[in-house]
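K.L.:
I would like to see how this sequence folds:
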Amino acid sequence: MGKKNKAGKGAGKKRDRRLGAIKYDEQGNMIDDRNTEAGKLLGYKDIVRSNLLFEKFYREQGICPEAEFEQMMETLKQDLPASFRISASRAESQALLKILQTDYFAELSSHQAAGEDVVIPKVLPWYPDSLAYQLNLTRREIRRQEVYFKLHNFLVAETESGAISRQEAVSMLPPLVLGVKPHHNVLDMCAAPGSKTAQMIEALHSGEEGKLPTGLVVANDSDNARCYMLTHQAKRLQSPCVIITNHDATTMPDLMVPSPTTSDLTPLRYDRILCDVPCSGDGTMRKNPDIWPKWNPVNSSNLHGIQYRIARRALEMLEVGGRMVYSTCSFHPLENEAVVARLLQDMEGRLQLVEVRDMLPGLECSPGLETWTPASKQGEFFSSFDSCPPKIQAQIRPYMFPPPPSIAGSLGLTKCVRVLPHKHNTGGFFVALLEKTGVCPWQEEGRKEVVEDNPGSPAATVPPPEKKKRFWGFREDPFIYFKPDEPIYPKVRDYFKLSLPSTMFLTRCEDESKKNGVYFTTEKVRHVMENNVDRVKIINTGVKAFARCENKGAHCDYRIAQEGALSIIPFIGARRLHPTRGDMEIMLLSEDQETPPEIAKMSEEFREECEKTETGSVAFLFKDPDSPLTVQVVGWKGKMSVRAYVPRNDRLHYLRLIGADISSFETNKFQERKQREQEREAEKAAEASKVEDKTKVEDSNTVTSCDILPEK
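P.N.:
Reported below is the predicted structural model:
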């Protein structure tokens, strides 16, 4: 979804102590501070979700039929419902889907059948394989109602393990229409926070199980801090085909790779590019209500330039025959159709819009506009550039107006789609799929860039001379690939019967004694990494395949790392053990601080495998006999015991997959809160009883002393 400005001053502050303790209603729901007397006195006023200028502007544009406009506005004023998608591997996703439907949705259905007011999650019809759902409740409502506590626990736990992505419904659209395949080179120009990047990585790995994709994903963002958020998202998917870069998207440099025909380097061209550009975000008003009072038409005209430059640079890096998605979370035509129309005219017939409605069955959307009317900050409309006063001409440029009808008809702008919130109870969104059919005219030999002298010309402005590169943010550790004489590789290869070449492995430290982690990428990623160190700031790449460990009687100083288990285990030929369901459950239930499970307590066939295996790092593979699911985790085989090296949040995920009893992990905060209240009431009653008993004793002593009267 299009990126918005960061939250203003005061965002993320702790709760004001003057409000006192958090208050709850009779149902156990937390009372909003804005609805209390103390909150009102401290200025905690709810944002007024109304803007007459917003309504006036979009009525004029005709983005929505007049008969539906009031319904659209009413929907925009409501909070956004929660949505999520299953993002695990193919076999795991089907297993999770079955668990979700049988264990969680079925329970909610039973509550509904009993007459309770319960909302059942609905499948998003346009998302493949029924893997995306929308629950027509806000995240806050899910957290605050006891009937949903199990579903909420499931979503939180699986999100932490990377198997669930809690993503806005319309945000899932761009990667779907982009159509990424395992052999594609993919670029995400403005990738953070990374939900759409994750979708494209999943699509890249949608080929044959255990086979590495031949393509790659380059995920870029101009914000250094957000790049680390992006890295966290990507790492959950354990892909060796991802590179995270930190660069201004408008001047994104070409990444150089070896030419397939000569010994020279050649620019990497991409088969698929996503331009989810920064935008005003008025389609996100349901989850960002602070936009309501700030909105005006000129916000979008201020962003048009950077949006156009990002998209234009993307076209230059796109392979002929490749496809690019241009998307925003804005309704405004100056951020949407105006940018697309300008690109189409710049390309002089070498770029065309592609129809996307057939790719999204069940999605109701509006066609792109062929005509629109820009407006000033005060809401004054202008039909042409010449009709604008000089002051307004500095804000609304000629290329922001719709092209003449004779040209607009040939551009096919109606193939763009605009998702309106009232159609599916979502946010607003705009998507355009573009296919490049020829070289960019300005990149042809002997043709110079045209300066925009004529205000009516759609030609691009010449970018300023490039400054000396200066990388901001943290200084990253170096990426050092194994050399042919690397001493680590033969030990690891022979111990684990590794089938991958040494050229795919790297470390992040030159010092031999400090090579604690060995990372793994594909050959194509290595070519990019080795030839572009000084061209662009690279934040991260590769997955951790092996980690240095204490010897503990093993013949190899390295163990398999759980962070990259899904990627590396298919290429390991030795030290693979096959526990039964019961064996796997015992190992996963054993906490790290506990004594590891004894081999003698395992099943007979698993014991025999363990006895034939020397002490050291191993991979545990449980194959479900009733489905294609294979659970893969790493661990350690000792002399008398075995242990699974799995983080706590992932343990619950794997236990759920193998069908283990996880009721002990289900914490009902509502019952805990009631229990705490009961304990507090009992303590108060006990205290009151003590005070009462003390008072009785004192009264009794007073009466006794009064009975003994002095003699006259």
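
K.L.:
can you list the weak-confidence ranges in the stretch 601-712 of the chain?
P.N.:
Along the stretch 601-712 of the chain, the parts satisfying pLDDT under 70 run over 699-712.

K.L.:
need the strands for it, in chain order.
P.N.:
Secondary structure of the stretch 601-712 of the chain by DSSP state E, counting those that start in this stretch: the strands cover 616-623, 630-637, 642-644.

K.L.:
Equivalent analysis for the stretch 351-500 of the chain, please.
P.N.:
Going by DSSP E, counting those that start in this stretch, the stretch 351-500 of the chain shows strands at 351-354, 366-367, 417-419, 429-436, 480-481.

K.L.:
Check which helices and strands the longest one is in contact with.
P.N.:
Applying 3 or more Cβ pairs under 8 Å, 6 or more residues apart in numbering; DSSP states H and E, one finds that strand 429-436 contacts helix 173-178, strand 318-328, helix 337-346, strand 351-354, strand 417-419. Every residue, glycine included, has its C-beta placed from N, CA and C.

K.L.:
Now render these as a markdown table, adding mean neighbour count and mean pLDDT.
P.N.:
A markdown table is the format used below for the helices and strands packed on strand 429-436 (neighbours: other Cβ atoms under 10 Å; pLDDT from 0 to 100):
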| stretch | mean neighbour count | mean pLDDT |
| --- | --- | --- |
| helix 173-178 | 24 | 97 |
| strand 318-328 | 22 | 97 |
| helix 337-346 | 24 | 97 |
| strand 351-354 | 18 | 97 |
| strand 417-419 | 23 | 97 |
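
K.L.:
Between these, which one is closest to I396.
P.N.:
I396 lies closest, by Cβ to Cβ, to one member of the helices and strands packed on strand 429-436: helix 337-346, at 10.3 Å.

K.L.:
Could you list the alpha-carbon positions for that closest one in PDB?
P.N.:
Extracted in PDB, the C-alpha atoms of helix 337-346 (Å, rounded to 0.1, in the frame of the first residue of the first chain):
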ATOM      1  CA  GLU A 337      -4.700   8.200 -13.800                       C
ATOM      2  CA  ALA A 338      -2.700  11.400 -14.300                       C
ATOM      3  CA  VAL A 339       0.600   9.600 -13.600                       C
ATOM      4  CA  VAL A 340      -0.400   6.600 -15.700                       C
ATOM      5  CA  ALA A 341      -1.500   8.800 -18.600                       C
ATOM      6  CA  ARG A 342       1.800  10.700 -18.500                       C
ATOM      7  CA  LEU A 343       3.800   7.500 -18.600                       C
ATOM      8  CA  LEU A 344       1.800   6.200 -21.600                       C
ATOM      9  CA  GLN A 345       2.400   9.300 -23.500                       C
ATOM     10  CA  ASP A 346       6.100   9.400 -22.700                       C
END
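
K.L.:
if we can go back for a sec, out of the helices and strands packed on strand 429-436, which comes closest to E209?
P.N.:
helix 173-178 (20.8 Å).

K.L.:
other SSEs contacting the following helix or strand past that closest one?
P.N.:
Past helix 173-178, further along toward the C-terminus, the next helix or strand under DSSP states H and E is strand 185-188. For strand 185-188, the packing partners by 3+ Cβ pairs under 8 Å, 6+ apart come out as helix 195-204, strand 216-221, strand 270-276.

K.L.:
Can you read off the pLDDT for F471?
P.N.:
Turning to F471, the model gives it a pLDDT of 47.

K.L.:
do R139 as well
P.N.:
79.

K.L.:
residue contacts, it?
P.N.:
Counting by Cβ atoms under 8 Å, 6 or more residues apart in numbering, R139 touches 82, 166.

K.L.:
If we use 6 Å, what do you get?
P.N.:
Contacts for R139 (Cβ atoms under 6 Å, 6 or more residues apart in numbering) come out as A82.

K.L.:
For N220, see how far away I538 is.
P.N.:
10 Å (Cβ to Cβ, to the nearest Å).

K.L.:
Ok, R166 next?
P.N.:
R166 sits 24 Å away from N220, going by Cβ to Cβ.

K.L.:
Same drill for those two, tell me which one is more crowded.
P.N.:
Shown here are R166 and N220; by other Cβ atoms under 10 Å, N220 has more neighbours (24 against 14).

K.L.:
Quick check: bridge partners of the more buried one?
P.N.:
T245 (DSSP bridges).

K.L.:
Report pLDDT for it.
P.N.:
For N220, the pLDDT comes out at 97.

K.L.:
Give the full set of residues in contact with it.
P.N.:
Contacts of N220 (Cβ under 6 Å, 6+ apart): 189, 191, 245, 247.

K.L.:
Dump those residues to CSV, plus distance to I99 and pLDDT.
P.N.:
Listed next are those as CSV, based on distance: Cβ to Cβ, whole Å; pLDDT from 0 to 100:
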residue, distance to I99, pLDDT
M189, 36, 97
A191, 30, 95
T245, 37, 95
H247, 41, 95
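
K.L.:
Tell me the most packed of these, by neighbour count.
P.N.:
Neighbour counts for the contacts of N220 (other Cβ under 10 Å) peak at A191, which has 30 neighbours.

K.L.:
ok, which stretches of the stretch 51-200 of the chain are helices?
P.N.:
Assigned by DSSP state H, counting those that start in this stretch, the stretch 51-200 of the chain shows helices spanning 52-61, 66-76, 90-99, 106-113, 139-144, 149-161, 173-178, 195-204.

K.L.:
Point me to the residue sitting closest to the centre of this protein.
P.N.:
Nearest to the mean C-alpha position of the chain, by Cα atoms, centre = their mean, lies S195 at 2.4 Å.

K.L.:
Now do it against R85, distance only.
P.N.:
For S195, the distance to R85 - Cβ to Cβ - is 9 Å.

K.L.:
what touches both of the two?
P.N.:
Looking at what touches both S195 and R85 (by Cβ under 6 Å, 6+ apart), the common residues are 165, 167.

K.L.:
ok so, going back, list residues touching both of I538 and N220?
P.N.:
Residues within reach of I538 and of N220 at once, by Cβ under 6 Å, 6+ apart, are T245.

K.L.:
Contacts only, for K694.
P.N.:
K694 touches nothing, counting by Cβ under 6 Å, 6+ apart.

K.L.:
Sorry, wrong one. I was asking about V218.
P.N.:
187, 243.

K.L.:
10 Å instead, please
P.N.:
185-189, 191, 197, 241-245, 252, 255, 268, 270, 273, 317, 525, 528, 536, 538, 541 (Cβ atoms under 10 Å, 6 or more residues apart in numbering).

K.L.:
rewinding a little: which of the contacts of N220 lies closest to R309?
P.N.:
Within those, distances to R309 taken as Cβ to Cβ reach their minimum at M189, with 10.7 Å.

K.L.:
And for the residue lying closest to the closest one once chain neighbours are set aside, the neighbour number?
P.N.:
The shortest distance from M189 to any non-neighbouring residue, by Cβ to Cβ, 6 or more residues apart in numbering, is to A249 (4.4 Å). By other Cβ under 10 Å, the residues close to A249 number 23.
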